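1. Here's my sequence, what's the structure:
(one chain, ligands or ions: 1)
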Amino acid sequence: MPNHNQLTIHQAHRLLETRQLSSVELTQAIIERIHQLEPKVHALVTVTEELALSQAQHADKLIATGNISPLTGIPMLIKDNMCTKGIRTTCASKMLENFVPPYDATVVEKLNGCGAVVIGKANMDEFAMGSSTENSALFTTHNPWDLSRVPGGSSGGSATAVAAGEAICALGSDTGGSIRQPAGFCNVTGLKPTYGRVSRYGLVAFASSLDQIGPLTQDVTDCALVLNAIAGYDPRDSTSVPQPIPDYTRCLNADLNGLRLGIPREYFVQGMQAEVAAAIKASISKLEELGATVDWEVFLPSTPYALAVYYIIAPSEASANLARYDGVKYGFSYQDADTMWEAMEKTRQYGFGAEVKRRIMLGTYALSAGYYDAYYLKAQKVRTLIRQEFDQAFERFDALITPTSPTVPFKIGEKVDDPLQMYLSDVCTLPINIAGLPAISIPAGFADGLPIGMQIIGKPFAEETILRIAYAYEQATEWHKRKPQI
Ligand code: GLN
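-> Predicted coordinates:
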């Protein structure tokens, strides 16, 4: 049996159900691991030790009365951009460093309803803007596979914690790759659901037409279990979709017979690390062996424009969403100003970090009179083209397979001074948010001891199909079983 802190949800559930383990014992094992590893990896902004132990006691009482669901008593970590009632929610920003929300995000409410245990809040890039967690205004998270490297971002704290055994699973958010890219960099499983599948109520907004919450887990079964718990319509989020929620574990089946997979050529971009391309190609051959039919020559010609489209639309929406941080309503407030304007200006000057300000400026510019048509409107039109190309491809294929990112984890500091290089880290994941599709990243190989992720992209609301493919691959390979020696 693995150490308690390395149990999957389904393994822990079995032990809890048969009373071989209590939630309090499991939670204590996780807390111990956090104390041991946090000085090295810095994945958590807040550890909710007392709350977790009291929730674990409550879970044990539920279990004693036979009231157990798959997440009951399971210690989970929440990315620090999801509101947790009474628990600081910083977005890794000075602006919200002392913000304690008066309410829970819907996803948190749902987890509490299952009797899950909240172990803490995970570090991230400030307001989820970044690909390395280096944009956190609090501290940088280190990749557990190589502490001199980044864990990816923006959900770098969530991915690190799951890989290192500081949480059984975690929630992240994904606007352009922020669940999948760090999952790939840390050798865990990360799913971005279809836009509208999971409520965004209580998720601090970055780019509202792209943001989506999803699970980071140790395997595909766990991913399905967490999605079961958080998916569904929410009247408090008008973009959530009233579609029935299947039991996502029912589609997990090791047989891929009859499934048609397409490999879009544009995703094997120039500058991609050769080992990454080789590992993904080998993985696709594995899927072929498992019964899928593969077309290696699929073309999605608008793909090269996705990065530009994203960096117009996401900053535009961010510039509007972040206008609320004015020092008056909530969050950081500069106190020594003579005028109202000076107070607002200084609040934003000191409250936001460099990347957030860069995005606000980009977005404000793209939306301003005279430039709106040339940038924002044009980007929206190309967005439609990208979506249409996916729709056409999905007439012929059940799923598309690509690498999750073009490289393995890079060194801390390597790209901080070059935003364009940093933005390129998400070329393979951004188009999926632009089109609102579901996609999962799963462990698919290593290069020099560093993890490589494979991305499986599905039709809208076809999470079952991508989970099935991911599961079949996982059952036939051992990558996901490797844990960092730390
Ligand atoms: N890295 C991308 C960005 O910086 C995506 C971030 C995300 O998905 N939240 O915007």
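
2. Report how many residues lie close to the closest residue to residue 246 other than its chain neighbours.
-> Leaving aside its chain neighbours, residue 246 sits nearest to residue 464 (6.0 Å; criterion: Cβ to Cβ, 6 or more residues apart in numbering). Quick note: C-beta positions are derived from backbone N, CA and C, even for glycine. By other Cβ atoms under 10 Å, the residues close to residue 464 number 20.

3. Next: residue 37.
-> Around residue 37 there are 21 residues (other Cβ under 10 Å).

4. correct me, but it touches residue 164?
-> Yes. Residue 37 lies in contact with residue 164 (Cβ atoms under 8 Å); the separation is 5.4 Å.

5. Give the residues shared as contacts by those two.
-> Common neighbours of residue 37 and residue 164 are listed as 43, 144, 486 (criterion: Cβ atoms under 8 Å, 6 or more residues apart in numbering).

6. what residues are up against the residue nearest to residue 246?
-> Neighbours of residue 464 in contact, by Cβ under 8 Å, 6+ apart: 246, 248, 250-251.

7. just the CA coordinates of stretch 194-214, formatted as CSV?
-> Provided in CSV are the C-alpha atoms of stretch 194-214 (Å, rounded to 0.1, in the frame of the first residue of the first chain):
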residue,chain,number,x,y,z
THR,A,194,-16.4,22.4,-21.6
TYR,A,195,-17.1,26.1,-21.0
GLY,A,196,-20.3,26.1,-19.0
ARG,A,197,-20.0,22.6,-17.5
VAL,A,198,-18.8,23.8,-14.1
SER,A,199,-20.1,26.9,-12.4
ARG,A,200,-17.8,29.9,-12.2
TYR,A,201,-19.7,31.5,-9.4
GLY,A,202,-17.1,32.6,-6.8
LEU,A,203,-14.2,32.1,-9.1
VAL,A,204,-12.3,35.4,-9.2
ALA,A,205,-12.8,36.5,-12.8
PHE,A,206,-9.8,36.8,-15.2
ALA,A,207,-11.3,36.4,-18.7
SER,A,208,-15.0,35.4,-18.2
SER,A,209,-15.6,33.9,-21.7
LEU,A,210,-12.5,31.6,-21.2
ASP,A,211,-12.3,30.8,-17.5
GLN,A,212,-13.3,27.3,-16.4
ILE,A,213,-12.7,25.4,-13.1
GLY,A,214,-11.5,21.7,-13.2
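
8. Quick check: buried residues in it?
-> Within stretch 194-214, the residues that count as buried by 16 or more other Cβ atoms under 10 Å are 194-207, 209-214.

9. do the same with stretch 262-272
-> Buried residues in stretch 262-272 (16+ other Cβ under 10 Å): 262-264, 266-269, 272.

10. Can you name the two of those residues that sit furthest apart?
-> 262 and 272 (18.2 Å; Cβ to Cβ).

11. What helices and strands are in contact with the least confident helix or strand in the chain by mean pLDDT?
-> Within the chain, no helix or strand scores below helix 419-424, which has a mean of 88 by mean pLDDT, DSSP states H and E. Judged by 3 or more Cβ pairs under 8 Å, 6 or more residues apart in numbering; DSSP states H and E, the packing partners of helix 419-424 are helix 306-321.

12. Not counting whichever helix or strand comes after the helix it packs on itself, show me its contacts.
-> Next helix or strand after helix 306-321 toward the C-terminus (DSSP states H and E): helix 340-351. Around helix 340-351, the neighbours that count as contacts under Cβ under 8 Å, 6+ apart are 93-95, 325-328, 331-337, 357.

13. which residues touch the helix or strand following helix 340-351?
-> For helix 340-351, the following helix or strand on the C-terminal side (DSSP H and E) is helix 354-367. For helix 354-367, the surrounding residues in contact (Cβ under 8 Å, 6+ apart) are 93, 125-127, 129-130, 135, 311-312, 314-320, 322, 348, 352, 371-372, 375-376, 379, 419.

14. rewinding a little: and the least confident of the buried residues of stretch 262-272?
-> Of all the buried residues of stretch 262-272, residue 269 has the smallest pLDDT value, namely 76.

15. just to revisit the earlier point, the least confident helix or strand of the chain and the ligand, are they touching?
-> No. Figure legend: helix 419-424 not in contact with the ligand (Cβ under 6 Å from any ligand atom); closest approach 6.8 Å.

16. in that helix, what's buried?
-> 422-424.

17. So residue 73 is in contact with residue 16, correct?
-> Yes. Counting by Cβ under 8 Å, residue 73 sits close enough to residue 16 to count as a contact (5.1 Å).

18. Quickly list what's touching both of these two.
-> 22-23, 26, 59, 63.

19. Can you flag the buried ones in these?
-> Buried among the shared contacts of residue 73 and residue 16 by 16+ other Cβ under 10 Å: 22-23, 26, 59, 63.

20. In JSON lines: those residues, plus pLDDT.
-> Below are those laid out as JSON lines (pLDDT from 0 to 100):
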{"residue": "22", "pLDDT": "98"}
{"residue": "23", "pLDDT": "98"}
{"residue": "26", "pLDDT": "98"}
{"residue": "59", "pLDDT": "98"}
{"residue": "63", "pLDDT": "98"}
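
21. May I ask which two of the residues you listed are separated the most?
-> It's 26 and 63 that sit farthest apart of those, by Cβ to Cβ, at 11.2 Å.

22. who touches both of those two?
-> Joint contacts of residue 26 and residue 63 (Cβ under 8 Å, 6+ apart) are 16, 73.

23. Next step: the buried residues of stretch 194-214 restricted to strands.
-> 212-214 (DSSP state E).

24. Around the ligand, pick out the residues from this structure.
-> 128-131, 154, 174-178, 206, 314, 426.

25. If any of those are buried, put those into a PyMOL selection.
-> Of these, the buried ones go into a single PyMOL selection, burial set by 16+ other Cβ under 10 Å:
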select buried, resi 128+129+130+131+154+174+175+176+177+178+206+314+426
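
26. Mind checking which of the residues of the chain next to the ligand land in strands?
-> residue 174.

27. where along this protein do the strands fall?
-> With DSSP E applied, the chain shows strands at 44-47, 75-79, 117-122, 169-174, 189-192, 212-217, 260-264, 293-298, 399-403, 439-447, 450-458, listed in chain order.

28. Tell me which of those is the most buried.
-> strand 189-192 (a mean of 33; mean count of other Cβ atoms under 10 Å).

29. What mean pLDDT does that strand get?
-> Strand 189-192 comes out at a mean pLDDT of 98.

30. now swap in stretch 339-359 and tell me
-> The model assigns stretch 339-359 a mean pLDDT of 97.

31. Next, the buried residues of that stretch.
-> So, applying 16+ other Cβ under 10 Å, buried residues of stretch 339-359: 343-344, 346-348, 351-353, 355-356, 359.

32. Identify, from the residues you listed, the entry nearest to residue 441.
-> Closest to residue 441, out of all of the buried residues of stretch 339-359 and judged by Cβ to Cβ, is residue 355, at 22.9 Å.

33. List every C-alpha atom in stretch 416-434, with coordinates, as PDB.
-> Taking Å, rounded to 0.1, in the frame of the first residue of the first chain, the C-alpha atoms of stretch 416-434 are listed here in PDB:
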ATOM      1  CA  VAL A 416      10.400  36.000 -16.700                       C
ATOM      2  CA  ASP A 417      12.000  38.800 -18.700                       C
ATOM      3  CA  ASP A 418      10.500  37.700 -22.000                       C
ATOM      4  CA  PRO A 419       6.700  37.700 -21.800                       C
ATOM      5  CA  LEU A 420       6.400  36.500 -25.400                       C
ATOM      6  CA  GLN A 421       8.500  33.300 -24.700                       C
ATOM      7  CA  MET A 422       6.300  32.800 -21.600                       C
ATOM      8  CA  TYR A 423       3.100  33.200 -23.600                       C
ATOM      9  CA  LEU A 424       4.400  30.500 -26.100                       C
ATOM     10  CA  SER A 425       4.300  28.000 -23.300                       C
ATOM     11  CA  ASP A 426       0.500  27.800 -23.900                       C
ATOM     12  CA  VAL A 427       0.300  27.600 -27.700                       C
ATOM     13  CA  CYS A 428      -1.100  24.100 -27.600                       C
ATOM     14  CA  THR A 429      -3.700  24.800 -24.900                       C
ATOM     15  CA  LEU A 430      -5.100  28.300 -25.700                       C
ATOM     16  CA  PRO A 431      -7.100  27.400 -28.800                       C
ATOM     17  CA  ILE A 432      -9.200  25.000 -26.700                       C
ATOM     18  CA  ASN A 433     -10.400  27.800 -24.400                       C
ATOM     19  CA  ILE A 434     -11.000  30.000 -27.400                       C
END
